[in-house]
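A.B. asks: When you get a sec, could you give me coordinates for this:
(2 chains)
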Amino acid sequence: MPYTLFPLGDSAVTLDLGPVIDEHHNIRVQAIHDWLQRHGFPGILDVIVAYSSVSVFYDPAVVRASGVTGGQRTGVWVEELLVRGWEETEPGTGAALRPGPAGTPADGGARQQSGRCFRIPVCYEGVYAPDLAEVARQQHLSVPEVIGLHTAGIYRVYMIGFLPGFPYLGTVDPRLEVPRKQRPVPVAAGGVGVAGKQTGIYPLNSPGGWSIIGRTPVRLFDPATDPPVRLQTGDRVEFYPIPAEEFHRVSGFSG
Amino acid sequence: MAFSIIKPGLLDTIQDLGRHGFGNWGVNPGGAMDIYAAQVANLLVGNDQHEAVIEIHFPGPQILFEQNTLIAITGADFSPTVNDELIPRWQPVVVRKNTVLHFPSLVQGGRCYLSVHGGYCLKKWLNSYSTSLKAGVGLQLKKGDELPFNESTIYFAGLLKEQNNFEILPWRVNTEKIYQFPHEIGVIPGHEWPLLSSASRDSFTEDNYLIHPSSDRMGYQLSGAPLSLDAPVELVSSAVSFGTVQLLPEGQLIVLMADHQTTGGYPRIAHVVSAHLPKLAQLRPSDTIQFKLMDLESAEQLLVSRQKELHILQRSCMDHLNEMVC
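C.D. replies: Numbering: from 1, shown residues only, chains lettered A, B, ... in the order given. Just a heads-up that it's a prediction; the model follows:
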């Protein structure tokens, strides 16, 4: 698996496995995330896992002041650290088999293959599914077929991003692959969308460019709970349909 | 110890240096747009640089001091007054109980910062005071809000002469270097920079870009001649940062600012160097910018030397303050 390393500005470095949505790539970058949790350094601010990349954010002034870089530019030193992380987490080496750290807050998910399973109810009816008929039309499917395909999948949480608690789930059945909308439109919290190979859930009211085919009453983000997000990278998600009455009954949302 | 909000401004929020470490929850760092001004505001009044400050946009709020208070205002110039008398920025000021702070006119800049000695007494969420309106955390000032401060042991009344409404303390910061050449914004090439057509690479560094009125704390939309890639590229979402310059599908640019999303899927053609983000944060819609390519080594040197200067400032402010009150 080839990788590239590049600076993301003057305060972050990315290790990237290429523009693919693939479980093996995602597991690989998670392993590096976990390795970095054990190899922190003064001035490290965050480690963000995405589909096939892991990015380390740092404060160059703090890192330099700590003396670890030996006078070289911080980014160069962090790139060397990432290469070490890559080598030591290579599948087949002992390090790769070590479990990730327990759920420290800064760990923020990305636990190696520890995926929990969630069954998430979705109402695929009426106002809760504003783009469902259009997706069916575009894909030459019936509405029940779209729902059937969407609920048949077991999806991996590849990453959380865009909004607090927004899970990027994949991959969808090829028959559900629709392009993003030209322009973002308002999406209600709980909106379940599809775009390309991905499906996802909007945890908050937000503009969004994905086609909304349903809505879940489950709150994926709540700042008052600990942790504030329900899903983490590596979790599994399945959807099951619920009628509108059920949505009303359990929904914490208005409207 | 508190002050109260007589009238809120357009957008007054509590910020600090950001909420780092929760990107994998989709929680962005947020924090002050002008990190430098926020740090200096705190240091001038003897606080740690990580204390909360109020980030103020124009029109600003009207604030009633319920106690004698040591404050500092940094960043944009909204001609701050205490009971209608102008007070300096980038300098600590003791204000008398029952006076009113007001920001009557916009002279220059995008946002200013108000610190109080001791810091605001507020709750953190995920290790930070920063307000995220989207996530529903932090605080946006409303009419009637009482904002408490942490207890102070300093007796400020002793510093107020006779009937003066305020007393300007004799130390200040020279910010000339930080904000000089305000329209010249240093950038480092991004990962997709080589994919730009050569004509687009030239125009990126030669053209002026106008900051569009729809710009906000999330990002600055830029207007200019559209840029293009040599060939379309399909990316998957990955991490972005404060200062990332993304190329949108129609060829326009957006610079991600403090409230940016944690991840994005547009080509990253450049990144604003961290040391120039304060300048950028002080520009306003309809201002123009010109990008200037820099190398990583000089970008880092700028940051490292600035941090050293801030350490020196912190020590000298503490010394001054101790001398004044002992």
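
A.B. asks: Going by neighbour count, which residues of stretch B:151-165 are buried?
C.D. replies: Counting neighbours by 16 or more other C-beta atoms under 10 Å in any protein chain shown, one finds that the buried residues in stretch B:151-165 are B:152, B:154, B:156, B:159-160, B:165. Placement of C-beta: from N, CA and C, glycine included.

A.B. asks: between those, which is nearest A:D131?
C.D. replies: Nearest to A:D131, judged by C-beta to C-beta, of the buried residues of stretch B:151-165 is B:S152 at 56.1 Å.

A.B. asks: For that closest one, grab phi and psi.
C.D. replies: phi -120, psi 150 (degrees, to the nearest 10).

A.B. asks: Find me the pLDDT at the closest residue in space to it that isn't next to it in sequence, would you?
C.D. replies: Nearest residue to B:S152 in three dimensions, chain neighbours excluded: B:G118, at 4.4 Å (C-beta to C-beta, 6 or more residues apart in numbering or on different chains). Reported pLDDT at B:G118 in the predicted model: 94.

A.B. asks: what does B:C326 give?
C.D. replies: Reported pLDDT for B:C326: 62.

A.B. asks: hmm, back to that, the buried residues of stretch B:151-165 into a markdown table, with extra columns for pLDDT and secondary structure?
C.D. replies: Shown next, in a markdown table, are these (pLDDT from 0 to 100; DSSP: H, G, I helix; E, B strand; the rest coil):
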| residue | pLDDT | secondary structure |
| --- | --- | --- |
| B:S152 | 78 | coil |
| B:I154 | 78 | coil |
| B:F156 | 80 | helix |
| B:L159 | 86 | helix |
| B:L160 | 88 | coil |
| B:N165 | 96 | coil |
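
A.B. asks: Just to be sure, B:L101 is in a strand?
C.D. replies: Yes - counting by DSSP: H, G, I helix; E, B strand; the rest coil, B:L101 is found in a strand.

A.B. asks: Pull the contacting residues for it.
C.D. replies: Applying C-beta atoms under 8 Å, 6 or more residues apart in numbering or on different chains to B:L101 gives the contacts B:3, B:62-63, B:65, B:71, B:80-82, B:95, B:114.

A.B. asks: Can you give me the buried ones in the helix or strand where B:L147 lies?
C.D. replies: Assigned by DSSP states H and E, B:L147 belongs to strand B:146-148. Neighbour-count burial for strand B:146-148 flags B:L147 (criterion: 16+ other C-beta under 10 Å).

A.B. asks: ok, now stretch A:186-205?
C.D. replies: By 16+ other C-beta under 10 Å, the buried positions in stretch A:186-205 come out as A:187-204.

A.B. asks: Same check on stretch A:241-255?
C.D. replies: Buried positions in stretch A:241-255, judged by neighbour count with 16+ other C-beta under 10 Å: A:241-242, A:244, A:247, A:251, A:253.

A.B. asks: Can you tell me which of the buried residues of stretch B:151-165 comes closest to chain A?
C.D. replies: The closest of the buried residues of stretch B:151-165 to chain A turns out to be B:S152 (C-beta to the nearest C-beta; 28.4 Å).

A.B. asks: where do the strands sit along the stretch 151-255 of chain A?
C.D. replies: Per DSSP state E, counting those that start in this stretch, the stretch 151-255 of chain A has strands spanning A:155-160, A:167-170, A:185-187, A:191-195, A:198-201, A:206-208, A:211-215, A:236-241. These are given in chain order.

A.B. asks: Distance-wise, check the residue lying closest to B:T13 once chain neighbours are set aside relative to B:P182.
C.D. replies: Nearest residue to B:T13 in three dimensions, chain neighbours excluded: B:T131, at 4.0 Å (C-beta to C-beta, 6+ apart). Separation of B:T131 from B:P182 (C-beta to C-beta, to the nearest Å): 26 Å.

A.B. asks: Looking at those two, which is more packed in?
C.D. replies: A side-by-side neighbour count of B:T131 and B:P182, using other C-beta atoms under 10 Å in any protein chain shown, places B:T131 first with 28 against 17.

A.B. asks: that older thread, could you save the strands of the stretch 151-255 of chain A as a markdown table and add columns showing distance to chain B and mean pLDDT?
C.D. replies: A markdown table is the format used below for the strands of the stretch 151-255 of chain A (distance: least, C-beta to the nearest C-beta, whole Å; pLDDT from 0 to 100):
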| stretch | distance to chain B | mean pLDDT |
| --- | --- | --- |
| strand A:155-160 | 4 | 97 |
| strand A:167-170 | 7 | 97 |
| strand A:185-187 | 13 | 96 |
| strand A:191-195 | 10 | 97 |
| strand A:198-201 | 9 | 97 |
| strand A:206-208 | 7 | 91 |
| strand A:211-215 | 16 | 98 |
| strand A:236-241 | 15 | 98 |
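
A.B. asks: how distant is the helix or strand containing B:A299 from the center of its chain?
C.D. replies: In the assignment (DSSP H and E), B:A299 maps to helix B:296-325. Taking C-alpha atoms, centre = their mean, to the nearest Å, one finds helix B:296-325 lying 17 Å from the centre of the chain it belongs to.

A.B. asks: relative to its centroid, which residue of chain A is most remote?
C.D. replies: A:G71 (35.7 Å; C-alpha atoms, centre = their mean).

A.B. asks: quick one: that residue and chain B, what's the gap?
C.D. replies: 11 Å (C-beta to the nearest C-beta, to the nearest Å).

A.B. asks: quick one: pLDDT of that residue?
C.D. replies: 88.

A.B. asks: With B:S238 instead?
C.D. replies: For B:S238, the pLDDT comes out at 95.

A.B. asks: Could you list which residues are in contact with it?
C.D. replies: B:S238 touches A:14, A:16, A:50-53, A:55, B:263-265, counting by C-beta under 8 Å, 6+ apart.

A.B. asks: Please narrow the residues you listed to those residing in strands.
C.D. replies: Counting by DSSP state E, the contacts of B:S238 place A:14, A:16, A:53, A:55, B:263-264 in strands.

A.B. asks: Adding distance to A:R28 and pLDDT as columns, could you present the residues you listed in a markdown table?
C.D. replies: Output for those, formatted as a markdown table (distance: C-beta to C-beta, whole Å; pLDDT from 0 to 100):
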| residue | distance to A:R28 | pLDDT |
| --- | --- | --- |
| A:T14 | 14 | 98 |
| A:D16 | 11 | 98 |
| A:S53 | 10 | 98 |
| A:S55 | 14 | 98 |
| B:T263 | 18 | 95 |
| B:G264 | 21 | 92 |
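
A.B. asks: Closest one to B:L44 out of the residues you listed, please.
C.D. replies: Distances from B:L44 to the ones in strands among the contacts of B:S238, taken by C-beta to C-beta, are shortest for A:S55, at 34.1 Å.

A.B. asks: ok, what's across the strand from the closest residue in space to the closest one that isn't next to it in sequence?
C.D. replies: Spatial nearest neighbour of A:S55, excluding adjacent residues (C-beta to C-beta, 6+ apart): B:A239 at 3.7 Å. Note on B:A239: beta-bridge partners B:T263, judged by DSSP bridges.
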